[in-house]
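Have a look at this fold, sequence not included:
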DNA sequence: ACAAAAGTGTTCGATATACACCCATGT
DNA sequence: ACATGGGTGTATATCGAACACTTTTGT
């Protein structure tokens, strides 16, 4: 595992060498873009169909090389813009995948990000280009590279964060009803939540304000619309939102 | 931010190109090695003094280049072995730091890891080589690169994980008393815990077994020694160990 | 009038928190 | 005998979980 001729340490004991002279892996960023479809109770991920070797014809996460002049966060944001036309959404670094043979071409590390985009912001040219499409996280096709593992990891993190942060709001449009919010939680957590308990807890957390408007659709009593108070902390202190 | 000539996507739409032909950053791994000194109520980090430019004379995290033939986890484990002589400890990937100018030499990403080593496993040649030393996390010297930010991030993660996992045990030797365990928690969380409540909760969690031995030192009643049940889950289900 | 969705309180069990004294040993 | 650290139980407050009916609208 240890290769003495390559055992150089730029961080602590650099010799008189040029860091750029040594073997370097290729580095990409891949983004797991989540969105919610409340209509059919589905959590979806954006995938792109590969056109070339390796894994030609398989679906893969949107991603690309990290350029030398951009930070990792910038690179991930650029993928969102260029691949999905999405701007300024929730974006968080997830994990760096670096198994030696995860890419057959050469050594490629990938820094995985996950993004949450509200349904309303989704204007992907989905049909214009059948190489880009949304897939249910509960029914994924075969995926290129280790992208299945990356998505699984991202979904675990999403469920986890939902319990003690307010990331759920990033999947909803600016204004939403409490029923919509509850359904978002139910889809992601895959469990039914009690309506009264849910509403009490979310309102007691003091992170929502009524917009004053109402949402009417079809029959039934109109629902109050709420807005997320952005200045509310995103970490819900010491106690979980949904323990 | 977007450079069209470099806008190639190996993950999704690779052209007929060689991934290795494009600009690649250098990639290192840096490890935040934590240890506890129960004697003086201190949480410590292992640092190494840099000998060369840049930041010569400043302290830095142990780390080094990722080699093409090793995974990231292997690379981190190798740093632990070669820099600190430590084997098989708790080791977890933390975050990848990739700001454009974090290293003045060239573009260098670093994948930060954090390690928890029990006091008993610490046999660093600390005085033999004054370039390696332990520092209190509460009183750090000036650090090279962005290593201060990396340590801060690692400490936040450690405190956080302590509350809902059992990582605390990885900082203790194989056998320990409940008082030692409580002090470990108190040092990391920086708060005093109630003795009775602490003991009740940790014992009710069913993750410890009595070794049968007693610990005697100086005056006072001897204390029962406990061992961590390794087969106990490390994630404490849905409820926090210390809410 | 009725169907459909929004909205609303209370009870009960579990858990967290606060708190003070006796026990076993070394000196 | 006393100093030192180990070990133990109870009462109260808070929080989570379970549970069903009324209100407002469209048709």
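Yes, it's here. Note that the structure is predicted; figures quoted are calculated from it, not measured.

how about stretch A:39-50, does it get close to chain B?
Yes - Stretch A:39-50 reaches chain B (C-beta under 8 Å from any C-beta of the partner chain) through A:48, A:50. Backbone N, C-alpha and C define where each C-beta goes, glycine included.

swap in stretch A:89-104?
Yes - for stretch A:89-104 and chain B, the contact criterion (C-beta under 8 Å from any C-beta) is met by A:93, A:95-96, A:98-100, A:103.

can you list the residues of chain A near DNA strand C?
A:177-179, A:195-197, A:199-200, A:218-224 (C-beta under 7 Å from any atom of the strand).

By pLDDT, give me the weakest of these.
Least confident of those in the model: residue A:218, at 82.

Can you tell me the SS state at residue A:51?
coil (DSSP: H, G, I helix; E, B strand; the rest coil).

what pLDDT does it get?
Residue A:51 is assigned 91 on the pLDDT scale.

Now do the phi/psi pair for it.
With angles defined as degrees, to the nearest 10, residue A:51 sits at phi -100, psi -20.

ok, back up a step: so among the residues of chain A next to DNA strand C, which ones count as buried?
For the residues of chain A next to DNA strand C, a burial check counting by 16 or more other C-beta atoms under 10 Å in any protein chain shown picks out A:177-178, A:223.

just to revisit the earlier point, got a quick ChimeraX command for the buried subset of the residues of stretch A:89-104 next to chain B?
Remark: buried members of these, expressed as a ChimeraX selection using 16+ other C-beta under 10 Å:
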select /A:93,95,96,98,99,103
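
now the residues of stretch A:89-104 next to chain B in JSON lines, with secondary structure?
Formatted as JSON lines, the residues of stretch A:89-104 next to chain B follow (three-state DSSP):
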{"residue": "A:93", "secondary structure": "strand"}
{"residue": "A:95", "secondary structure": "strand"}
{"residue": "A:96", "secondary structure": "strand"}
{"residue": "A:98", "secondary structure": "coil"}
{"residue": "A:99", "secondary structure": "coil"}
{"residue": "A:100", "secondary structure": "coil"}
{"residue": "A:103", "secondary structure": "coil"}
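
I'd like to know which of the residues of stretch A:89-104 next to chain B is nearest to chain B.
Of all the residues of stretch A:89-104 next to chain B, chain B sits closest to residue A:98, with 3.8 Å by C-beta to the nearest C-beta.

now the angle between strand B:26-37 and the strand ranked longest in chain A, please.
The strand that spans the most residues within chain A, counting by DSSP state E, is strand A:26-37. Following axes from the mean of the first three to the mean of the last three C-alpha atoms, to 10 degrees, one obtains 70 degrees for the angle between strand A:26-37 and strand B:26-37.

how near is the residue of chain A found nearest DNA strand D to residue A:195?
Nearest residue of chain A to DNA strand D (C-beta to the nearest atom of the strand) works out as residue A:221 at 2.9 Å. Applying C-beta to C-beta, to the nearest Å, the value for residue A:221 to residue A:195 is 14 Å.
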